[in-house]
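> Here you go, sequence then predicted model.
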Amino acid sequence: MPWQQLNFQCPKSDTDIAEALLMQAGALSILLNDAGDQPLFEPLPGESPLWDNVIISGIFAIPTDDLNNPTDFEDLAQKIASHLTASRVWVDLLADKDWEREWMSQFEPIHCCEGLWIVPEWLTPPDPTAINIMMDPGLAFGTGYHATTRLCLDWLNQQSLQDKVVIDYGCGSGILGITALMMGAKHVYAVDIDPQAVLATQQNAKRNHVDGRISAFLPQQFVTFCENNTRFKGDLITANILAKPLIELSGYFAKLLSDKGQIVLSGLLYEQVEQIQTAYAPYFYLDDAYRFDNEEDKHWARVSGQIIV
């Protein structure tokens, strides 16, 4: 069955009424997309940030006898637009597809660094002799596509992780912790503010047969764990989150690490490196900041170091 998609470019203040009018008209699905190029960073639980200028789309099934008569949908689009402050209104005809396969086709295996691949769970690893991390890219941040994830993976690949205890703070999909385990780490303690990320980490760990060596927590649960295990120390912290929480967590991270403990940080823009170095310098001997040199990724950075004893 083909579909009609009605599209409206509006300010975000029109979103609620547009959604209500589309649902009232019989839309089967409603999509919200950025009409400009405005980044939205990872929200806290319960937050639902929205772009200032939005493309709101409603998808409608087309009855068989109306396939050659798009006028009704064009009239409906204009009727809905009369209630909105819409700068653009248009109607698209969508051919029927296997939408699950369409979504899956967007993902390919990623060669992150020497001997390491991130592979969507439905695909065959290109190199069976490599470390292949099988991932579901759906639930949480961390598919291997983003430069900050790859910066951390590149660093992990250069370390000796055998029998290390790793804290993956801001674990997202669990990709960094799972990689550490596949490279020989003894146990990973994964922490995230998002319950979906905790769930995704547990599920992805099971996919990669390391679920017996990873423990996933919300932040307060991890605090309680540490209070109940006062001798607990990690050998390594990975934290691929935003610059502001990284700065706030510098002292806390230092307390979690053993002597000779290491840290690797990303999720930060290159122009934020100096702020991160200032926050971590009292606690860590820091390496030079690193970034990829290709045009697409060079504005993201990585900071790493070893704790000052």
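Cool, the structure landed. Residues are numbered from 1 along each chain as shown.
> What segments of the stretch 151-300 of the chain are strands?
Under the criterion DSSP state E, counting those that start in this stretch, the stretch 151-300 of the chain contains strands at 165-169, 187-191, 214-217, 234-240, 257-269, 284-286, 300-307.
> Could you save those strands as JSON lines and add columns showing mean pLDDT?
Shown next, in JSON lines, are these (pLDDT from 0 to 100):
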{"stretch": "strand 165-169", "mean pLDDT": "98"}
{"stretch": "strand 187-191", "mean pLDDT": "98"}
{"stretch": "strand 214-217", "mean pLDDT": "98"}
{"stretch": "strand 234-240", "mean pLDDT": "98"}
{"stretch": "strand 257-269", "mean pLDDT": "96"}
{"stretch": "strand 284-286", "mean pLDDT": "98"}
{"stretch": "strand 300-307", "mean pLDDT": "97"}
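> Please list all residues in contact with residue 291.
Each residue near residue 291 by Cβ atoms under 8 Å, 6 or more residues apart in numbering is listed here: 151, 270, 297-302. The C-beta positions use only the backbone N, C-alpha and C, and glycine is treated the same way.
> What's the local residue count around the nearest residue to it once chain neighbours are set aside?
Of all residues not flanking residue 291 in the chain, residue 301 sits nearest, at 4.7 Å (Cβ to Cβ, 6 or more residues apart in numbering). Counted with other Cβ atoms under 10 Å, the neighbours of residue 301 add up to 24.
> Run a quick check on residue 301 versus residue 267, I expect a contact.
No. If you go by Cβ atoms under 8 Å, residue 301 and residue 267 don't touch, sitting 9.3 Å apart.
> Please look at residue 14 and residue 84 and confirm they touch.
Yes. Using Cβ under 8 Å, residue 14 is in contact with residue 84, at 4.7 Å.
> overlap in contacts of these two?
Between them, residue 14 and residue 84 share the contacting residues residue 8, judged by Cβ under 8 Å, 6+ apart.
> where does residue 91 land in three-state SS?
Secondary structure, DSSP: H, G, I helix; E, B strand; the rest coil: residue 91 is strand.
> where's it relative to residue 14, distance?
18 Å (Cβ to Cβ, to the nearest Å).
> Find the residue ranges of the stretch 101-250 of the chain scoring beneath the pLDDT cut-off.
101-104, 137-143 (pLDDT under 70).
> in it, which spans are helices?
In the stretch 101-250 of the chain, the helices defined using DSSP state H, counting those that start in this stretch lie at 147-156, 175-182, 195-207, 219-228, 243-248, 250-256.
> can you list these in CSV and add mean neighbour count and distance to residue 37?
CSV is the format used below for the helices of the stretch 101-250 of the chain (neighbours: other Cβ atoms under 10 Å; distance: least, Cβ to Cβ, whole Å):
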stretch, mean neighbour count, distance to residue 37
helix 147-156, 23, 17
helix 175-182, 27, 26
helix 195-207, 20, 26
helix 219-228, 13, 32
helix 243-248, 16, 21
helix 250-256, 15, 32
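> Which one of those lies nearest to residue 136?
With respect to residue 136, and counting by Cβ to Cβ, the nearest of these is helix 195-207 at 6.3 Å.
> tell me which strands and helices that closest one is in contact with?
In terms of contacts (3 or more Cβ pairs under 8 Å, 6 or more residues apart in numbering; DSSP states H and E), helix 195-207 is packed against strand 131-135, helix 175-182, strand 214-217.
> Pull the residues that contact that helix.
45, 121, 134-136, 138-141, 168, 171-175, 177-178, 181, 190, 192, 211, 213-214, 216-218.
> same thing with stretch 75-93?
Contacts of stretch 75-93 (Cβ under 8 Å, 6+ apart): 2-11, 13-14, 17-18, 21-22, 25, 70, 73-74.
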